[in-house]
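Asks: next input, structure requested:
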Amino acid sequence: MPTIRVDLMEGRTVDQKRALVKAITQAVVDTLGARPESVDVLLFDVKRHDWATGGELWSDKRPG
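Replies: As a prediction, this is how the structure comes out:
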């Protein structure tokens with residue numbers, strides 16, 4: 001059973017997440033030949049102050 005973990009910066013809608021897990025599941029089915037019901041997708045929302053890129057917290061970044 002493939003299990004896919006996806007870390008997302010918080011703020012995505014349920015509809016966006018629904019579309020994402022459907023697309024990921026289909027990609028696993030197409031690529032690995034798994035049955036859709038055997039594919040688990042775990043979504044983790046991460047707050048901007050808990051995510052950093054290039055040594056800078058996303059909560060500290062200026063827009064634009």
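Asks: which residues does Leu57 form beta bridges with?
Replies: Judged by DSSP bridges, the bridge partners of Leu57 are Ala52.
Asks: could I get the full set of helices for the chain?
Replies: 14-32 (DSSP state H).
Asks: where does pLDDT dip in it?
Replies: For the chain, applying pLDDT under 70 flags the ranges 64.
Asks: and Val28, how many residues sit next to it?
Replies: Per other CB atoms under 10 Å, the neighbour tally for Val28 reads 20. Glycine gets a C-beta too; all of them are placed from N, C-alpha and C.
Asks: the one 5 residues further on too?
Replies: Using other CB under 10 Å, Gly33 has 7 other residues around it.
Asks: ok, Pro2 next?
Replies: Neighbours around Pro2, by other CB under 10 Å: 14.
Asks: does it touch Ala27 like I think?
Replies: No: using CB atoms under 8 Å, Pro2 makes no contact with Ala27, being 10.3 Å away.
Asks: who are the contact partners of Leu20?
Replies: For Leu20, the contacting residues are 6, 12, 41, 43, by CB atoms under 8 Å, 6 or more residues apart in numbering.
Asks: ugh, typo on my part, it should be Trp51
Replies: 9, 57-58.
Asks: hmm, try it at 7 Å
Replies: 9, 58 (CB atoms under 7 Å, 6 or more residues apart in numbering).
Asks: and for Leu8?
Replies: 43-46.
Asks: try it again at 8 Å.
Replies: So, once contact is read as CB under 8 Å, 6+ apart, Leu8 ends up touching 17, 43-46.
Asks: ok, Phe44 next?
Replies: 5-8.
Asks: among the residues you listed, which are in strands?
Replies: 5-8 (DSSP state E).
Asks: buried only: go through these for me.
Replies: Among the ones in strands among the contacts of Phe44, none scores as buried (criterion: 16 or more other CB atoms under 10 Å).
Asks: and of the residues you listed, the nearest to Val21?
Replies: Val6 (8.2 Å; CB to CB).
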